[in-house]
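J.: Need coordinates for the below:
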Amino acid sequence: MAGRTLDECGEHMAVLNWIGLALLAVLALGAAGHALLNKSDSRSALGWVGVCLTFPLAGPILYILFGVNRVRRSASRMRREIDALAGERHSPSALSCAVVNPTVLFRSFQRLERVGRNVLETELTGGNCVEPLVNGDEAYPLMLQAIETSEQSVYLTTYILDTDATGRAFIDALARAAARGVEVRVLIDGVGEKYSWPLASRLLRQKGVATALFIPPALIPPNLHMNMRNHRKILVVDGILAFTGGMNISQKHVLGSKPLWPVTDVHFIVRGPVVSQLQDTFVDDWLFTTRERIHPPVLATEPAGDCLCRTVIDGPNLHEDNLKTLITGIVSAAEFSIKIMTPYFLPPGTFLSSLQSARLRGVNVEVILPARNNLPFVHWATNHILEELLRSGIKVSFQPAPFCHTKLMLVDDCYVHLGSANMDNRSLRLNFELTLEVLDRHLTERLTRHFDAVMAASRPVTRQELQGRPLPARLRDAFFWLFSPYL
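T.: Here you go, the predicted structure:
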């Protein structure tokens, strides 16, 4: 009897083993099939298929965690929600008189303008003034003055609003504006605000300022999105004056105060019709975050300068990779000069190829990167790709401390691309970003002088230096480069 019982247990175990193997096979084949059907890059598809079939349990789990693009799916759902809430889109009538006929532009302007028009399907806006503001020393006093003198509305979007001395100055100014009857709305990224304590949103609400967080992480209900961050920086005052660029609000950017960890950056003050586009972007973001539709006053913005501008709105909710396609097209259209300054440089392979192609056809290509990054693993991953660029004749220089957070691309002495986006996959694929295309020789000349001054103070990177790295450092750099799509 006991032997029969043992035999039956053995048979049951064998059946369970076969069922387990069948389930593993289904799981592995299902995950591999999903990767095969949904991955646009053949190398990525092959890699995930191999992992799933080689490791039937661990492989599918890793694929579900890291291989499935939930970002674009979630963001597409967000886009549908925004469209449903917004109903009719903003009327472009306020800008119709500022639209520029591209046929009357200089030939060099036409060549570069055409790329943005075809990629974004939006027109160039004339009559704008865009001026650079170096560091918080120049930018913050003007931003605070604009808030203090506001009469109708103040709309602020930022990734980080520190609650240090600088951040509290902004919080107090916003509170005073709200107290005197100005419509004040502040939108902070739900992850970015966690960089500082106490939380800025709490201080703002205590002072009566309408504040919202963009997709804040939460356990109940579960919402643990670390991607899909709102990285845009917008301050619009009374619908006629705006500030944008890549600078957060933090004491670190005020070099005159000698912060412990200084960060340099260039922000921009914007006047003219394009301010309406920046304001519309805030209105959409606020609508999605709060379900509140705000109705800013429609103002006939007078021409303020000669800059030709186009707003570039990008995010994972868009099916097209607008920003990546745009900057790749601009590089491909360049005739003699490309200058790039960025804190993080891990762009897609297509963009790197376009830079190399530009250099091979005689375009002078210069890239300035921080010598010491605030994210060391990004610096290590970048080191792995630099030798190939140098081999093509591209000049790469490391800027000494303090850490530089500036994001600029200057092309052919007439084109400026500025804004919140870095040259990496996180900005070009995962974040909500806002940049400006500006066609203006005067602005380009001013920024070129700034770029050249930084380049003169920076150290050129050489192939010998990269080849001379110890083997452990080269292995480390190559290892972190593998994760460049997620850094």
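
J.: switch to C-alpha atoms for all contacts and neighbour counts from now on
T.: Fine.

J.: Tally up the residues packed near the nearest residue to Ile64 once chain neighbours are set aside, please.
T.: Using CA to CA, 6 or more residues apart in numbering and skipping the chain neighbours, the partner closest in space to Ile64 is Ala31 (7.9 Å). Residues near Ala31, counting by other CA atoms under 10 Å, number 26.

J.: Ok, Thr125 next?
T.: Thr125, neighbours per other CA under 10 Å, totals 23.

J.: Could you do Met228 as well?
T.: Neighbour tally, Met228, other CA under 10 Å: 23.

J.: Enumerate every residue touching the nearest residue to Leu241 once chain neighbours are set aside.
T.: Spatially, and ignoring its direct neighbours in sequence, Leu241 is nearest to Arg271 (5.2 Å; CA to CA, 6+ apart). Neighbouring residues of Arg271 by CA atoms under 8 Å, 6 or more residues apart in numbering: 128-130, 240-242, 304-305.

J.: Who is Arg271 paired with across the strands?
T.: Going by DSSP bridges, Arg271 is paired in beta bridges with Cys129, Leu241.

J.: partners of the closest residue to Asp238 other than its chain neighbours in the sheet?
T.: Residue nearest to Asp238 in three dimensions, not counting chain neighbours: Ser153, with 4.8 Å by CA to CA, 6+ apart. Applying DSSP bridges to Ser153 gives these bridge partners: Glu183.

J.: Surely Ser153 and His295 touch.
T.: No. Look at Ser153 against His295 with CA atoms under 8 Å: they stay out of range, at 10.2 Å.

J.: These two: who's more crowded?
T.: Neighbour tally, Ser153 and His295, criterion other CA under 10 Å: the higher count belongs to Ser153, 19 against 8.

J.: Straight-line length of stretch 248-257, end to end?
T.: One end of stretch 248-257 to the other measures 16 Å (CA to CA, to the nearest Å).

J.: avg pLDDT for it?
T.: Over the span of stretch 248-257, the pLDDT mean works out to 95.

J.: oh, and call the first residue 48 from now on, that's how I've got it
T.: Yep, numbering from 48; the last one is stretch 295-304 now.

J.: Contacts made by that stretch with the rest, please.
T.: Stretch 295-304 is contacted from outside by 182-184, 205-214, 280, 294, 306-312, using CA under 8 Å, 6+ apart.

J.: Which positions in that stretch come out as buried?
T.: For stretch 295-304, burial by neighbour count (16 or more other CA atoms under 10 Å) applies to 295-302.

J.: all strands of the stretch 198-347 of the chain, in order?
T.: Secondary structure of the stretch 198-347 of the chain, counting by DSSP state E, counting those that start in this stretch: strands at 200-205, 230-236, 257-261, 281-284, 288-292, 310-311, 313-318.

J.: Ok, which of the ones you listed comes nearest Glu492?
T.: Nearest to Glu492 among these is strand 313-318; the distance by CA to CA comes to 14.9 Å.

J.: relative to strand 288-292, how tilted is the closest one?
T.: With axes from the mean of the first three to the mean of the last three CA atoms, to 10 degrees applied, the angle from strand 313-318 to strand 288-292 works out at 150 degrees.

J.: Now Gln192: which helix or strand?
T.: Take DSSP states H and E as the rule and Gln192 turns out to sit in helix 182-195.

J.: what is the mean pLDDT for that helix?
T.: Average pLDDT, helix 182-195: 97.

J.: and after the helix or strand of the chain with the lowest mean pLDDT, which helix or strand comes next?
T.: Between all helices and strands in the chain, the lowest mean by mean pLDDT, DSSP states H and E belongs to helix 140-143, at a mean of 49. Per DSSP H and E, helix 140-143 leads on to helix 154-167 as the next helix or strand towards the C-terminus.

J.: Which strands and helices lie in contact with that next one?
T.: helix 369-380 (3 or more CA pairs under 8 Å, 6 or more residues apart in numbering; DSSP states H and E).

J.: how about the residue nearest to Asp285, what does it touch?
T.: 229-231, 283-286, 343.

J.: Closest to Pro363 out of the residues you listed?
T.: Of the contacts of Ser200, the one sitting nearest to Pro363 (CA to CA) turns out to be Val283, at 24.1 Å.

J.: Wait, the closest one touches Val322, no?
T.: Yes. Using CA under 8 Å, Val283 is in contact with Val322, at 7.4 Å.

J.: Helices of the stretch 298-447 of the chain, start to end?
T.: Remark: helices assigned in the stretch 298-447 of the chain by DSSP state H, counting those that start in this stretch are 322-337, 369-380, 396-407, 423-438.

J.: Give the buried residues for the last one.
T.: By neighbour count with 16+ other CA under 10 Å, helix 423-438 contains the buried residues 424-434, 436-437.

J.: Walk me through the domains of the chain.
T.: According to automatic domain parsing, the chain comprises the domains 49-115, 119-361, 369-533.

J.: returning to what we had before: now the two most distant members of the buried residues of helix 423-438.
T.: Taking CA to CA as the measure, the buried residues of helix 423-438 span a maximum distance of 20.8 Å, between Phe424 and Leu437.

J.: Compare the domains of the chain and say which comes out lowest on pLDDT.
T.: Of all these, domain 49-115 carries the lowest average pLDDT, namely a mean of 71.

J.: tally of neighbours for Leu455?
T.: 24.

J.: isn't it right next to Tyr391, touching?
T.: No. With contacts counted by CA under 8 Å, Leu455 stays clear of Tyr391, the gap being 11.7 Å.

J.: Phi first, then psi, for the closest residue to Ser323 other than its chain neighbours.
T.: Sequence neighbours aside, Gly286 is the residue nearest to Ser323 in space, at 6.5 Å (criterion: CA to CA, 6+ apart). Note on Gly286: backbone dihedrals following degrees, to the nearest 10 are phi 70, psi 10.

J.: Might you report the residue contacts of the closest residue to Ala105 other than its chain neighbours?
T.: Closest residue in space to Ala105, ignoring its immediate chain neighbours: Cys99 at 7.5 Å, by CA to CA, 6+ apart. When contacts are counted by CA under 8 Å, 6+ apart, Cys99 touches 75-76, 78-79, 105-107, 110.

J.: rewinding a little: out of the strands of the stretch 198-347 of the chain, which gets nearest to Thr337?
T.: It is, among these and with distance given as CA to CA, strand 257-261, at 6.9 Å.

J.: residues making contact with the closest one?
T.: Counting by CA under 8 Å, 6+ apart, 231-237, 248, 251-252, 276-277, 333, 336-337 sit against strand 257-261.

J.: Alpha carbons of it, as CSV, please.
T.: In CSV, the C-alpha atoms belonging to strand 257-261 read as follows (Å, rounded to 0.1, in the frame of the first residue of the first chain):
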residue,chain,number,x,y,z
ALA,A,257,-3.2,77.1,-6.7
THR,A,258,-0.6,74.3,-7.2
ALA,A,259,-0.7,70.9,-8.9
LEU,A,260,1.8,68.0,-9.3
PHE,A,261,2.3,66.3,-12.7
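
J.: Report the angle between that strand and strand 200-205.
T.: When the same axes, to 10 degrees is applied, the directions of strand 257-261 and strand 200-205 differ by 30 degrees.
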